[in-house]
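1. What shape does this take:
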Amino acid sequence: MRGSILFLFAGYACWMFPTGLLAAEQLRRFALEGSSPRLVASLGVPAGLCVLLNALLMTRLCTLVVRAKWPMLPVLTIASLLGLIALGLGPMAGPVFTLELPAPAVWRWLQVGAGIVLAASLLLVPPGATTKARFFLWDRSHSANWDARRALAAAFGQGLLLVLAAGWTGRNVEFGSTAPPQVVWLLAGFAVGILITAIQRFPIRQSGFVAIGALVAMVCLAIHWAAPALRWPVGFLGMALGLMHVPARNYLLISVPPAQRGLGLALFGGMQLIGAVTGFAMLQIAPPWIWFLVAVAVVTVTIRLLFREMFEQILEVVLWPLYRIKAYGPGANLPPMRGPMIVLANHSAWFDPLWLCKVVPFRIRPMMTARFYDLPGVRWLMKHVVRTIRVSEPSFRRELPEVQEAIAGLADGDAIMIFPEGWLRRKEDHSLRRFGQGIHQLLKAHPQTPVMVCWIEGGWKSFASYWKGPPTKNKRMDFWRRIRVGISAPEILKPELLADHRATRRYLMQACLQTRAFLGLTPLPAPSFVSSGEEDAEEACAAT
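-> Numbering: from 1, shown residues only. Okay, here's the model as predicted:
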């Protein structure tokens, strides 16, 4: 299996190298002769074939990576970087620009032959297990399909910005015996951008780099417009475009149903081509200030579509010097999953949701008490960006609208985060309280929903805990604090267990405490399930 992955890498590089040589030759002809239908076709047809072959390659590569139990993101990033390096050797090769190749047809036949061998090898890889699902482009019943459509929009923007950036920085460039400095800076920056995205393990938050890259690209275009002689903005512009390249594709891969990955990637490449053709047309008919206005519009839409992902990525950078967050257990290395899902954990500090979101491979929709939800500024963020479920303050209530909202979220394919204790830890010897009935109501409505049980260690005694007083009071700010999260494998509870709400809650409490073993901690006994007046009153109203 691993040998097959390495073979695909080698075949991909052998195919991209002559592709880069021929593309450089065509771009030189375009610079010298201008556009013509024949020249545009000579660029468009190979580009379309590249899209189809790349879609087939990434689909088969995902299948092999899952079977080999390798981490998906690093492998896909390496493949993209390898293809970029092989492709970039073309513009950097001096003989291409001066047409000193004795027989360009040799390279064309080499490209065709390598493509045929690569396509044949890809077809020999058996497809993964597939399940029937509605086409993601039309299906509105699953939240992940909306994510896939956003990825397609990002592909269009990335293709458009890439061509505008190349055209803008390539103005008045003369092709000589060596590659123009602008091309070298752009490609080098592109490679650096791809490498930066590899620091993020999970595609759902890696997609935040798309919005960040679009914003940086707009700033670099403005600087280059004002000072075209400067070279460093071109490098940062390439880096910004590299930040957009891999995350958008990975975002699509984890959003579409597995059986539709090949078609999804073909559509993704097609949207990139449409964006590129649109940018190419604008370079021919529109003045530079129109290019900049269009770039601003594309960046604005991209940030609007991926604002939560950008916010979470920036938040990770802010939290990095404060907390060292690491996950353990079988759930820590799961491949990205489509919902629905229930994620539950103990609750010992205000920042538990942030720590938990950092280590799970999918987007979480949390439940938050009204005390924090209704804070000025926080309410807009929680309602319109994070889509947090508001939980009213504890009081006796016969109706629990937050539970019904969470049930509807599960029906849409969301991953719901819940802290079933319904309160924040306040005493040293109270590691876990009795779970409320809200978790059972969710599972009763959706009994086939997988449950991922977590234990967060390190939150107690932190700046945001009740250790020696209310959170943030009389405590030092945390710095490089170690936070460990034990994560169990997702489990679908048996129907006979779900028939009794007490048995369900007791089982999940024990599972939560046993998850401590993934952290090397001694499992604690579950708290007593004997009713008390105080806990009965809380249980009647607490969904979280």
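2. And the helices in the stretch 51-200 of the chain, which stretches?
-> With helices called from DSSP state H, counting those that start in this stretch, the stretch 51-200 of the chain shows them at 72-92, 94-97, 104-124, 143-169, 181-197.
3. what angle do the first one and helix 181-197 make?
-> Spelled out, it's helix 72-92. 170 degrees (axes from the mean of the first three to the mean of the last three Cα atoms, to 10 degrees).
4. list the helices and strands helix 72-92 packs on?
-> Using 3 or more Cβ pairs under 8 Å, 6 or more residues apart in numbering; DSSP states H and E, the elements in contact with helix 72-92 are helix 2-33, helix 37-68, helix 181-197, helix 203-206, helix 232-255. C-beta here means a position set from N, CA and C on the backbone, and glycine is covered the same way.
5. Of these, which is nearest W423?
-> Set against W423 and scored by Cβ to Cβ, these come closest in helix 203-206, at 28.6 Å.
6. rewinding a little: by mean pLDDT, show me the worst of the helices of the stretch 51-200 of the chain.
-> The minimum mean pLDDT among the helices of the stretch 51-200 of the chain belongs to helix 94-97 (a mean of 45).
7. my guess is R516 meets R484, correct?
-> No - look at R516 against R484 with Cβ atoms under 8 Å: they stay out of range, at 9.8 Å.
8. what is in contact with the two at once?
-> Common neighbours of R516 and R484, counting by Cβ atoms under 8 Å, 6 or more residues apart in numbering, are E457.
9. dump the residue contacts of R249.
-> Contacts of R249 (Cβ under 8 Å, 6+ apart): 58, 76, 80, 151, 155, 265, 268.
10. from these, which is closest to V296?
-> Nearest member of those to V296, counting by Cβ to Cβ, is A155, at 19.0 Å.
11. Hmm, the closest one is touching A276, no?
-> No - counting by Cβ under 8 Å, A155 stays clear of A276, with 10.2 Å between them.
12. Those two: who's more crowded?
-> A155 (27 against 22; other Cβ atoms under 10 Å).
13. Now do that one against R149, distance only.
-> Computed as Cβ to Cβ, to the nearest Å, the A155 to R149 distance reads 11 Å.
14. can you count the residues close to D412?
-> 16.
15. Which residue, other than its chain neighbours, is closest to it?
-> Spatial nearest neighbour of D412, excluding adjacent residues (Cβ to Cβ, 6 or more residues apart in numbering): S143 at 5.0 Å.
16. which residues sit in contact with the one you found?
-> S143 neighbours (Cβ under 8 Å, 6+ apart): 339, 412-414.
17. same deal with F307?
-> 211, 385.
18. Point out where the stretch 151-300 of the chain drops to low pLDDT.
-> 170-181 (pLDDT under 70).
19. actually the stretch 351-500 of the chain, not the one I wrote
-> For the stretch 351-500 of the chain, the ranges with pLDDT under 70 are 394-399.
20. Mind jotting down where the strands sit in it?
-> 364-369, 389-391, 415-418, 451-457, 481-487 (DSSP state E, counting those that start in this stretch).
21. Could you provide the ones you listed in JSON lines, with additional columns for mean neighbour count and distance to C14?
-> Shown next, in JSON lines, are the strands of the stretch 351-500 of the chain (neighbours: other Cβ atoms under 10 Å; distance: least, Cβ to Cβ, whole Å):
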{"stretch": "strand 364-369", "mean neighbour count": "20", "distance to C14": "42"}
{"stretch": "strand 389-391", "mean neighbour count": "24", "distance to C14": "51"}
{"stretch": "strand 415-418", "mean neighbour count": "26", "distance to C14": "41"}
{"stretch": "strand 451-457", "mean neighbour count": "24", "distance to C14": "42"}
{"stretch": "strand 481-487", "mean neighbour count": "22", "distance to C14": "40"}
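22. got the ones you listed as JSON lines, with distance to W168 columns?
-> Formatted as JSON lines, these follow (distance: least, Cβ to Cβ, whole Å):
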{"stretch": "strand 364-369", "distance to W168": "39"}
{"stretch": "strand 389-391", "distance to W168": "45"}
{"stretch": "strand 415-418", "distance to W168": "41"}
{"stretch": "strand 451-457", "distance to W168": "47"}
{"stretch": "strand 481-487", "distance to W168": "44"}
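23. nearest to V318, of the ones you listed?
-> Of all the strands of the stretch 351-500 of the chain, strand 481-487 sits nearest to V318, with 14.1 Å by Cβ to Cβ.
24. Just give me how far that closest one sits from the chain centre.
-> For strand 481-487, the separation from the chain centroid amounts to 22 Å (computed by Cα atoms, centre = their mean, to the nearest Å).
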